[in-house]
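Enquirer: need a 3D model of the sequence below.
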Amino acid sequence: MKISIAQLNSTPDVDQNLECVLAAVAQAAGDGADLVVFPEAAACSFDGKFADFARTSADRFHKSVQDASDQHGVAVILGSFTPSASDERTANTLFVFRPGQDPVTYDKIHLFDAFGFKESKGIVPGSTPVSVDVGGTQVGLAICYDLRFPELFTRLARDGAQVVVVIASWGDGPGKARQWDLLTRARALDSTSYVVACGQAVRDLAHEGEATKTPLGVGHSAVIAPDGSDVVRLDGGEDQVTVDLDLAQVTTVRDSIPVLANNRL
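Expert: Residues are numbered from 1 along each chain as shown. Okay, the predicted model is just below:
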């Protein structure tokens, strides 16, 4: 399975974000990727009007990405927002677009009420783990703060996932990039799965004259093998890389250290 990770720097400008996404989908297809993964909030950044986006223009955005998936024959995972059916808040929604198929969605279960930020103020939590078939490979889905909850990753692996994709807009701060690196490797070890972790690139707030507690990004997107070793790990800037996953390694590692089978809790 060949996967492209597109570490973008999304902004409140939805049209600009869409241009970047469509260009990266085309690049991934040119690289022969089966799947291209974008960060959380790729459609509209957290410091944008994401609730308005979810209610007024998200459908148009999503249709454009589905059309690109159909045109290029590559699956797309992307972070967006959708209206909540339960209250006036918004859902933090991961979309999976596959050529010729209806989109599959996952709503973020664990909301980021930490480090002085309260995501639950405007976001309603999801409740159901989701995995999806992408070209014959079962792929589990996670978003950002989910990364701190290993039970979700082991649940997805027990449900058949060989690859777990986690998209993020990981808030910067002291030690945060180091924590992201550690947690992405740990979740691969917990689940003995490939972890494909795609986060927002670092935004130069000092250059833009901004100051915010809103989680934007630390970069460090990565693909981690089931043994916890990095296949690739980016730095903080915008970048895109395509890698080939050897899915036989999942079986090899699970035979060698069967933590899923040995778990008695």
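
Enquirer: so L94 touches L141, yeah?
Expert: Yes. Applying Cβ atoms under 8 Å, one finds L94 in contact with L141, separated by 5.4 Å. Backbone N, C-alpha and C define where each C-beta goes, glycine included.

Enquirer: higher neighbour count, those two?
Expert: Using other Cβ atoms under 10 Å, the more surrounded residue of L94 and L141 is L94, with 28 against 25.

Enquirer: isn't there a strand covering the more buried one?
Expert: Yes. Counting by DSSP: H, G, I helix; E, B strand; the rest coil, one finds L94 located in a strand.

Enquirer: before we move on, the earlier item: any residues in contact with both of L94 and L141?
Expert: The overlap between the contact sets of L94 and L141 (Cβ atoms under 8 Å, 6 or more residues apart in numbering) consists of 77, 106.

Enquirer: number of nearby residues for I257?
Expert: Other residues within reach of I257 by the criterion other Cβ under 10 Å amount to 14.

Enquirer: what does the one 3 residues further on give?
Expert: Here the count is done by other Cβ under 10 Å, and L260 has 14 residues near it.

Enquirer: residue numbering should commence at 792 henceforth.
Expert: Yes, from this point I'll number from 792; that puts the last item at L1051.

Enquirer: dihedrals phi and psi, it?
Expert: Backbone torsions for L1051, taken as degrees, to the nearest 10, come to phi -70, psi -40.

Enquirer: I figured it was touching T983, is that so?
Expert: Yes. Look at L1051 against T983 with Cβ under 8 Å: they come within range, at 6.3 Å.

Enquirer: give the residues shared as contacts by these two.
Expert: With contacts defined as Cβ under 8 Å, 6+ apart, the residues shared by L1051 and T983 are 948, 1045.

Enquirer: after the helix or strand harbouring V856 comes which helix or strand?
Expert: When elements are assigned from DSSP states H and E, V856 belongs to helix 849-863. From helix 849-863 onward toward the C-terminus, using DSSP H and E, the following helix or strand is strand 866-874.

Enquirer: what is the mean pLDDT for that next one?
Expert: This predicted structure assigns strand 866-874 an average pLDDT of 98.

Enquirer: and that strand, which strands flank it?
Expert: Strand pairing for strand 866-874, determined by DSSP bridges: strand 826-828 (parallel), strand 881-888 (antiparallel).

Enquirer: most tightly surrounded among these?
Expert: strand 826-828 (a mean of 29; mean count of other Cβ atoms under 10 Å).

Enquirer: and the average pLDDT for that one is what?
Expert: On average, strand 826-828 scores 98.

Enquirer: same check, this time on stretch 878-895
Expert: Per-residue pLDDT values across stretch 878-895 average out to 96.

Enquirer: also stretch 799-810?
Expert: 96.

Enquirer: list the buried residues in that stretch.
Expert: The neighbour-count criterion (16 or more other Cβ atoms under 10 Å) identifies 799-802, 805, 808-809 as the buried residues of stretch 799-810.

Enquirer: show the end-to-end separation of that stretch, please.
Expert: Length of stretch 799-810, first residue to last, Cα to Cα, to the nearest Å: 11 Å.

Enquirer: what about K909, distance to R846?
Expert: When distance is defined by Cβ to Cβ, to the nearest Å, K909 is 21 Å away from R846.

Enquirer: try F837
Expert: The separation that F837 has from R846, given Cβ to Cβ, amounts to 16 Å.

Enquirer: pick out whichever of these two has more residues nearby.
Expert: Of the pair F837 and R846, F837 is the one with more neighbours under other Cβ under 10 Å, namely 24 against 14.

Enquirer: what residues are up against the more buried one?
Expert: If you count contacts by Cβ under 8 Å, 6+ apart, then F837 has 960, 1005-1007 around it.
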